[in-house]
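A.B. asks: 3D, please:
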Amino acid sequence: MDKKKPRVLFLVNIPSPYRVNFFKELGKSCELTVLFERETSQERDMSWYDNDFNNFKAIFLNGVKFKKNMAICFNVASYLKKDLFDIIIVGGYSTPTGMLAIKILKQRKIPFILNTDGGLIKDDTKIKYAIKKYFISSATYWLCTGEETKKYLLYYGAHEKNIFTYPFTSILEKDVLKNITKKNMKNELKRATKYF
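C.D. replies: Predicted coordinates:
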């Protein structure tokens with residue numbers, strides 16, 4: 001008998017190509033729903049986006065847009081209910097919708113994972129430090145992409161035993177060379193592509 005795939009909800013701001021590729025792969029091992037805060041960012045040309053949503057369900061939230069890439073989407077609350085998903089991942093604590101989602105999940109006592117691709121420890125004011133610590137430390141588990149990001153999460157209240165590092169990349173196995181390229185071939189490729 002086939003084991004039922006876990007139902008996973010992932011909240012992110014926009015459908016960036018590298019994230020969409022990641023979701024296509026992740027969706028092969030779970031029943032994945034991705035909530036996007038916005039369809040686009042004013043900082044990017046439309047040709048940059050990848051709207052080929054294979055292996056996962058994409059939902060664009062309704063919200064009030066502001067700045068170049070932000071929105072506050074109150075309808076995120078309707079997806080943050082117990083038993084609707086097995087795993088909830090908030091892909092950013094610093095957007096208004098991400099902050100709202102964390103606040104709702106905390107109030108409803110729903111465990112969640114906070115995912116972050118990076119972060120640098122800064123000399124924050126006491127208020128800024130307290131805000132970051134509140135949102136980051138509210139998670140039950142944390143996903144990060146490297147040791148520096150792990151240090152960042154620990155600084156703002158994450159628990160080391162609940163931090164999981166994973167290799168986030170947009171390179172697929174088919175893109176990896178099977179044999180090591182010789183140095184003269186590398187130099188030739190560099191010269192040939194330096195104008196592109």
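A.B. asks: quick one, phi/psi of residue 113?
C.D. replies: Here is the backbone geometry of residue 113 (degrees, to the nearest 10): phi -110, psi 140.
A.B. asks: and what of residue 166?
C.D. replies: When read as degrees, to the nearest 10, the backbone of residue 166 gives phi -130, psi 150.
A.B. asks: so where's this protein uncertain?
C.D. replies: Applying pLDDT under 70 to the chain flags residues 1-2, 40-50, 168-173, 175, 180-181, 186, 193-196.
A.B. asks: where along it do the strands fall?
C.D. replies: Taking DSSP state E as the criterion, the chain contains strands spanning 7-12, 31-36, 57-60, 64-66, 70-72, 87-90, 113-116, 141-144, 163-165.
A.B. asks: mind checking which of those strands is nearest residue 24?
C.D. replies: strand 31-36 (9.2 Å; C-beta to C-beta). All C-beta spots, glycine's among them, are computed from the backbone N, C-alpha and C.
A.B. asks: and the angle from the closest one to strand 7-12?
C.D. replies: 20 degrees (axes from the mean of the first three to the mean of the last three C-alpha atoms, to 10 degrees).
A.B. asks: residues contacting strand 31-36, please?
C.D. replies: Residues outside strand 31-36 that contact it (C-beta atoms under 8 Å, 6 or more residues apart in numbering) are 5-15, 23, 26, 53, 55-61, 76, 79, 85.
A.B. asks: can you count the residues close to residue 162?
C.D. replies: Neighbour count of residue 162, defined by other C-beta atoms under 10 Å: 12.
A.B. asks: isn't it up against residue 140?
C.D. replies: Yes - using C-beta atoms under 8 Å, residue 162 is in contact with residue 140, at 6.8 Å.
A.B. asks: spatially central, which residue of this protein would that be?
C.D. replies: residue 91 (3.6 Å; C-alpha atoms, centre = their mean).
A.B. asks: show me what contacts that one?
C.D. replies: Applying C-beta under 8 Å, 6+ apart to residue 91 gives the contacts 10-13, 19, 98, 115.
A.B. asks: turn those residues into JSON lines, including distance to residue 179.
C.D. replies: Listed next are the contacts of residue 91 as JSON lines, based on distance: C-beta to C-beta, whole Å:
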{"residue": "10", "distance to residue 179": "36"}
{"residue": "11", "distance to residue 179": "41"}
{"residue": "12", "distance to residue 179": "36"}
{"residue": "13", "distance to residue 179": "39"}
{"residue": "19", "distance to residue 179": "31"}
{"residue": "98", "distance to residue 179": "43"}
{"residue": "115", "distance to residue 179": "34"}
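A.B. asks: could you measure residue 192 against residue 60, distance?
C.D. replies: 40 Å (C-beta to C-beta, to the nearest Å).
A.B. asks: now residue 163
C.D. replies: Distance of residue 163 to residue 60, given as C-beta to C-beta: 30 Å.
A.B. asks: between residue 192 and residue 60, who's got more neighbours?
C.D. replies: For residue 192 versus residue 60, the count of surrounding residues by other C-beta under 10 Å is larger for residue 60: 14 against 9.
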